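**Q** Predicted model and sequence follow; I will ask about them next.
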Amino acid sequence: MVFSKNVNCCPYCGGTSKTIFRISSGIFKKCRKCDLIFRHRKRAPNYGGLVSLYGVDHFGRDSVEHQAQNRIVVFNHLLDEIEKVKKSGKLLDVGSGSGLFLRAAKERGWQVKGVEPSAKSARIASRKLGLDVVEGTLKDLRDNAKFDVITMINVLDQSGEPWRELDEARGLLKDRGVIFIRVPNGQLHSLLVRVGARVAINDRFRKYLVFHEYSFTAKFLSRLLRDKGFKGVIIRSSPPSQGDRYDLFVSSEAAKCIKAVLNAVAQFTEALTFKRIHLGTSLESMAVSGGD
Ligand SMILES: [Zn+2]
């Protein structure tokens, strides 16, 4: 891994940036102005980038029910948080995958719909789980329905232009509608990859560090939502999913214990620093559409 100080413009705000690390999958830069971490490219990715990335079975060897077991803790937490603001109504999940979150929401009384770029995943959601899922992206929703809640769970950092996804989402929300976003914690992951370069962490651990098109810090996510007209923005660490997808731990029980401890440390640190320091491996954000 090599570190340099190349300068390139930020694709969001046009600010200057510096290279913060290089890994086998690319060079990543950070904007000095808005804090966005982005993959260096000679040309900007197309808006349809989400489709091309998800045009394969992105769940690999995991069965649908195995994923459900590992993620239900996260899904129930997200729904608990959403229901503190909205008790019920129409919920749209963007990048709904195989429909597991939608199924959990439906079981709690939400009227659910999904939009998913992967044809295979959309088919699983429709045929196996009997859910209303449109294959494609937000611009493929053509029935002009408005939603009380829109969720984007670990998808926004994989979009070619996340800011345009948020424009589209805001247009689909009712007034005072809620947007809920979950993304990998860019600040923590980029710190770990830089520390890891110095202490020669093993490749298995490196797989756990997540970098797609973009990597969002709390500062950038907060600014993006406010720029797009959302109000009451809350950013915090999100609890991890269960299981050991990357075979990091000696057993699933060990994974469960270690993740519980790390989550407790993240929550305690946030409380102690008045939500200024986020140590969770993922961030979650909730905001309200303020109307025009
Ligand atoms: Zn920027």
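**A** Cool, the structure landed.

**Q** hey, which helix or strand in this protein has the poorest pLDDT?
**A** Across the helices and strands of the chain, mean confidence by mean pLDDT, DSSP states H and E is lowest for helix 49-53: a mean of 45.

**Q** give me the number of residues near Ser88?
**A** When counting by other Cβ atoms under 10 Å, one arrives at 12 neighbours for Ser88. Using the backbone N, CA and C atoms, a C-beta is placed for each residue, glycine as well.

**Q** Could you report the pLDDT at the nearest residue to Val155 once chain neighbours are set aside?
**A** Nearest residue to Val155, sequence neighbours excluded (Cβ to Cβ, 6 or more residues apart in numbering): Gly95, at 3.2 Å. The model reports Gly95 with a pLDDT of 94.

**Q** isn't Gly95 right up against Ile153?
**A** Yes. Gly95 is within contact range of Ile153, at 7.1 Å (criterion: Cβ atoms under 8 Å).

**Q** quick one: low-confidence parts of the stretch 151-292 of the chain?
**A** Applying pLDDT under 70 to the stretch 151-292 of the chain picks out residues 196-211, 242-252, 291-292.

**Q** Show me where it has its strands.
**A** In the stretch 151-292 of the chain, the strands defined using DSSP state E, counting those that start in this stretch lie at 173-184, 214-215, 230-238, 282-289.

**Q** so what does the last one touch, helix or strand wise?
**A** What that stands for is strand 282-289. helix 64-83, strand 173-184, helix 218-227, strand 230-238 (3 or more Cβ pairs under 8 Å, 6 or more residues apart in numbering; DSSP states H and E).

**Q** cool, and the first one?
**A** Packed against strand 173-184 by the contact rule (3+ Cβ pairs under 8 Å, 6+ apart) you find helix 64-83, strand 147-153, helix 162-172, helix 218-227, strand 282-289.

**Q** The strands of the stretch 151-292 of the chain: which one's closest to Leu191?
**A** Leu191 lies closest, by Cβ to Cβ, to one member of those: strand 214-215, at 11.0 Å.

**Q** Is the ion within reach of that closest one?
**A** No. Using Cβ under 5 Å from the ion, no contact is recorded between strand 214-215 and the ion, whose separation bottoms out at 10.7 Å.

**Q** Name the residues that touch that strand?
**A** For strand 214-215, the external contacting residues (Cβ atoms under 8 Å, 6 or more residues apart in numbering) are 28, 36-39, 156-157, 159, 162, 184, 186, 189-190.

**Q** For it, which strands pair with it and how are they oriented?
**A** In the sheet, strand 214-215 lines up against strand 37-39 (antiparallel) (DSSP bridges).

**Q** pLDDT averaged over the partner strand - what is it?
**A** Average pLDDT, strand 37-39: 89.

**Q** So what's the gap between that strand and the chain middle?
**A** Chain-centre distance of strand 37-39: 15 Å, with Cα atoms, centre = their mean, to the nearest Å.

**Q** right, is it up against the ion?
**A** No. Strand 37-39 stays clear of the ion (Cβ under 5 Å from the ion), getting no nearer than 8.4 Å.

**Q** And the contacts of that strand?
**A** Contacts to strand 37-39, defined as Cβ under 8 Å, 6+ apart, come from residues 10-12, 17, 20, 26-31, 186, 190, 211-217, 220.

**Q** Much appreciated, bye for now.
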